[in-house]
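Q: What follows is a predicted protein model with its sequence.
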Amino acid sequence: MPDVAVIFGGPSPEHDVSVLTGLQAARGLAGAGAPVRCLYWSKTGDWYEVDATLEAESFLEGVPKGATRLSFVAGPGGGFSEPGGRLGKAKQVEFDVALVCCHGGPGEDGTLQAALDLTGIRYAGPTVAGAALGMDKFAFGAVVGQAGLPTLPRILLTEHSDAPAFDGPYIVKPRFGGSSIGIDVVEDLVTARARLSANPHLRFGAVLEPYRLDLSDLQVAVRTWPQLELSAVERPIRASGSSGILGYRDKYVAGEGMAGASRELPAVISAALESGLRHAAEQIAALAGVRGVARIDFLSDGDEFVVNEVNTIPGSLARYLWVSPAVPFASLLGDLLDEARNRPTHAYSAAGADGAVLRSAGSIAAKLG
């Protein structure tokens, strides 16, 4: 059986959660008999191969002891390799397919996916386009709204943005982010604008939407291989005394990533609400170009719902949501790898670049004159 690479970590605020997801995936694959190579992306952006049997505490101080430094080259003939010595030749890290377990940052926004595409490495999870759309809260909301699905009004927040057409209080979110990190609830627009300089997670863009205390979270996972399938609907449980937002601590402090968070599963909701959520999830899977396993997050008052966001590489790969229908973790992982092998993310082609434009171009100087 060929080796499988599990990629996790990365220079992201969600680095630690990604370590948990990657280690769970590596352990699940090894338990199913697959030879596993773990490729760890450090907080500083460096690459290492680490032992697949490590525990989370091994990463507390950064790069684990015994890790092997790697180089990564994005391009034909590139990939991961152990640098050679003064006279030695670089040793390629060989594997059949990669399972990307990175959350947030360049591992989930399409950057890593683009590099893997250029290298020709087959990988499970979102495509470049799907990852980029899922990470952009403003663009995703616009796509969902244009398709006629219910969503909260959402505007770009800048120092000079006009007052929104909806009343406060407001939620301020990073435009580009994969979790609840950096989200604030504020009472007015003045305070919201002040957060732009005070909150480092908003430096690349922010969105503003109404804060609705009457809405709570409902989530459903989607997987796309061997065919489109939806999980049970989940109601995450917020920690006692927390704000009205499902926060980072609610999701991850249990120590297993999202798998250890409190939840009601399946959620006790009406048949009509569940039907609406499931139909919307299928539409979103098509609109967002979902590939692999994704989690779609909704907000609901118990009767109606709005689409919140899509998480294209969910914590713990959403393994905990597959209770109805029941999908063992080994089967979930195996299907992800089969999709990577059988459903390519992209095929680059130079067809049409036959030189006709160059032959008729004339001089560059003439074009500049």
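A: Structure's in. What do you need?
Q: Tell me which helix or strand comes right after the worst-scoring helix or strand of the chain on mean pLDDT.
A: One helix or strand of the chain scores below all others by mean pLDDT, DSSP states H and E: helix 248-252, with a mean of 53. Next in sequence after helix 248-252, counting helices and strands by DSSP states H and E, comes strand 263-264.
Q: and that next one, what other elements does it pack with?
A: For strand 263-264, the packing partners by 3 or more Cβ pairs under 8 Å, 6 or more residues apart in numbering; DSSP states H and E come out as strand 229-236. C-beta coordinates here come from the backbone N, C-alpha and C atoms, glycine included.
Q: All the helices of the stretch 101-250 of the chain, residue numbers only.
A: Assigned by DSSP state H, counting those that start in this stretch, the stretch 101-250 of the chain shows helices spanning 105-108, 111-119, 128-135, 137-146, 189-198, 248-252.
Q: neighbouring contacts of the first one?
A: By Cβ atoms under 8 Å, 6 or more residues apart in numbering, the surrounding residues in contact with helix 105-108 are 7, 9-15, 18, 41, 100, 102, 111-112, 126, 131, 134-135, 178, 312-313.
Q: Mind checking which of the residues you listed land in strands?
A: Counted as lying in strands by DSSP state E, out of the contacts of helix 105-108, are 7, 9, 41, 100.
Q: Mind telling me the two of the residues you listed farthest from one another?
A: Gly9 and Val100 (10.9 Å; Cβ to Cβ).
Q: Touching, Val310 and Ala139? I think so.
A: No. Proximity of Val310 to Ala139 does not meet the contact threshold set by Cβ atoms under 8 Å, at 11.3 Å.
Q: more crowded one of the two?
A: More neighbours surround Val310 than the other of Val310 and Ala139, with 26 against 14 (other Cβ atoms under 10 Å).
Q: Name the SS class of the more buried one, please.
A: strand (DSSP: H, G, I helix; E, B strand; the rest coil).
Q: Can you tell me how far it is from Pro150?
A: Distance from Val310 to Pro150, counting by Cβ to Cβ, to the nearest Å: 15 Å.
Q: related to what we said a few turns ago, out of the ones in strands among the contacts of helix 105-108, which is nearest to Val185?
A: Closest to Val185, out of all of the ones in strands among the contacts of helix 105-108 and judged by Cβ to Cβ, is Gly9, at 30.4 Å.
Q: Quickly list what the residue nearest to that closest one when sequence neighbours are not counted is bridged to.
A: Using Cβ to Cβ, 6 or more residues apart in numbering and skipping the chain neighbours, the partner closest in space to Gly9 is Trp41 (4.0 Å). Taking DSSP bridges as the rule, Trp41 bridges to Gly9, Trp47.
Q: In this structure Trp41 contacts Ile7, no?
A: Yes. Using Cβ under 8 Å, Trp41 is in contact with Ile7, at 6.7 Å.
Q: got any residues that touch both of these two?
A: Common contact partners of Trp41 and Ile7 (Cβ under 8 Å, 6+ apart): 102, 107.
Q: and the residue lying closest to Glu159 once chain neighbours are set aside, how many residues sit next to it?
A: Nearest residue to Glu159 in three dimensions, chain neighbours excluded: Arg193, at 5.7 Å (Cβ to Cβ, 6+ apart). Neighbour count of Arg193, defined by other Cβ under 10 Å: 18.
Q: Would you mind measuring from Arg193 to Leu157?
A: Separation of Arg193 from Leu157 (Cβ to Cβ): 7 Å.
Q: Over to His346?
A: 33 Å.
Q: The two: which has the busier surroundings?
A: More neighbours surround Leu157 than the other of His346 and Leu157, with 23 against 13 (other Cβ under 10 Å).
Q: show me what contacts the residue nearest to Gly9?
A: Neighbours of Trp41 in contact, by Cβ under 8 Å, 6+ apart: 7-11, 47, 102, 107.
Q: which among these gets closest to Asp184?
A: Closest to Asp184 out of the contacts of Trp41 is Pro11 (23.1 Å), distances taken as Cβ to Cβ.
Q: Look up the closest residue to that closest one, ignoring the ones flanking it.
A: Here the residue nearest Pro11, using Cβ to Cβ, 6+ apart, is Gly45, at 4.9 Å.
Q: Any chance of the backbone angles for the closest residue in space to Leu317 that isn't next to it in sequence?
A: Among residues not flanking Leu317 along the chain, Val293 sits closest, at 5.4 Å (Cβ to Cβ, 6+ apart). Note on Val293: backbone dihedrals following degrees, to the nearest 10 are phi -120, psi 130.
Q: Which segments of the chain make up each domain?
A: Domain ranges of the chain: 4-124, 127-145+214-345, 153-211, per automatic domain parsing.
Q: Could you tell me the end-to-end distance of the first one?
A: This means domain 4-124. 11 Å (Cα to Cα, to the nearest Å).
Q: in the stretch 251-369 of the chain, what spans have low per-residue confidence?
A: Counting by pLDDT under 70, the ranges of the stretch 251-369 of the chain that qualify are 251-260.
Q: Next: the stretch 101-250 of the chain.
A: Those would be 239-250, if you go by pLDDT under 70 across the stretch 101-250 of the chain.
Q: Ser275 is in what secondary structure piece?
A: Applying DSSP H and E, one finds Ser275 within helix 271-287.
Q: Any buried residues in that helix, and which?
A: 273-274, 276-278, 280-285, 287 (16 or more other Cβ atoms under 10 Å).
Q: Give me the packing partners of that helix, helices and strands only.
A: Checked by 3+ Cβ pairs under 8 Å, 6+ apart, helix 271-287 has helix 137-146, strand 216-223, strand 229-236, strand 293-300, strand 305-311 packed alongside it.
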